[in-house]
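In: Just need the structure, nothing else, for what follows:
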Amino acid sequence: HVQLVESGGDSVQPGQSLRLTCTFSETRYCMGWFRQYPGKEREGVAVMTNGGRTSYAYGLKDRFTIDKDNAKTTLYLQLNDLKPDDTAMYYCAAGRGWYCRTNEADFGYWGQGTQVTVS
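Out: This is a model prediction of the structure:
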């Protein structure tokens, strides 16, 4: 059972940056970040395989960057030029198998989330 703990969420002004951190107990083939707006389904933000291949949700690659430190079993999400529409709960996730897409069905383990507020 993979355990994940996110941190780094905060309240910031538009245009500012944040770096979210996720520490995890076990490396999986695929790790990722998702976000959830109140009353909405979780949506994929960015994912990364253990080989370093990344995939981003449409329109986010120019502002967000996913990265991983395997030695520290830590996953990061750099958020730049934040906008009010980025306000959401951000979740770290570990994959369940050999697919690695910004699709919730590919993931079986979730952190508790960290809140990002941009206003």
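
In: Show me where the chain has its strands.
Out: Ranges of strands in the chain, per DSSP state E, are 4-7, 11-12, 18-24, 30-36, 43-49, 54-56, 64-69, 74-79, 88-95, 107-110, 114-118.

In: I'd like the ones you listed laid out as TSV, including mean neighbour count and mean pLDDT.
Out: C-betas here are computed from N, CA, C, even on glycine. Formatted as TSV, the strands of the chain follow (neighbours: other CB atoms under 10 Å; pLDDT from 0 to 100):
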stretch	mean neighbour count	mean pLDDT
strand 4-7	18	98
strand 11-12	14	98
strand 18-24	19	97
strand 30-36	23	97
strand 43-49	21	97
strand 54-56	17	97
strand 64-69	17	96
strand 74-79	21	97
strand 88-95	24	97
strand 107-110	19	96
strand 114-118	17	98
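
In: Put together CSV for the ones you listed, with distance to Arg101 on each row.
Out: Listed next are the strands of the chain as CSV, based on distance: least, CB to CB, whole Å:
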stretch, distance to Arg101
strand 4-7, 18
strand 11-12, 29
strand 18-24, 18
strand 30-36, 8
strand 43-49, 7
strand 54-56, 6
strand 64-69, 13
strand 74-79, 16
strand 88-95, 9
strand 107-110, 9
strand 114-118, 22
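
In: in the sheet, who's paired with the residue nearest the centre of the chain?
Out: By CA atoms, centre = their mean, the mean C-alpha position of the chain lies nearest to Trp33, the distance being 1.9 Å. Note on Trp33: beta-bridge partners Ala46, Cys92, judged by DSSP bridges.
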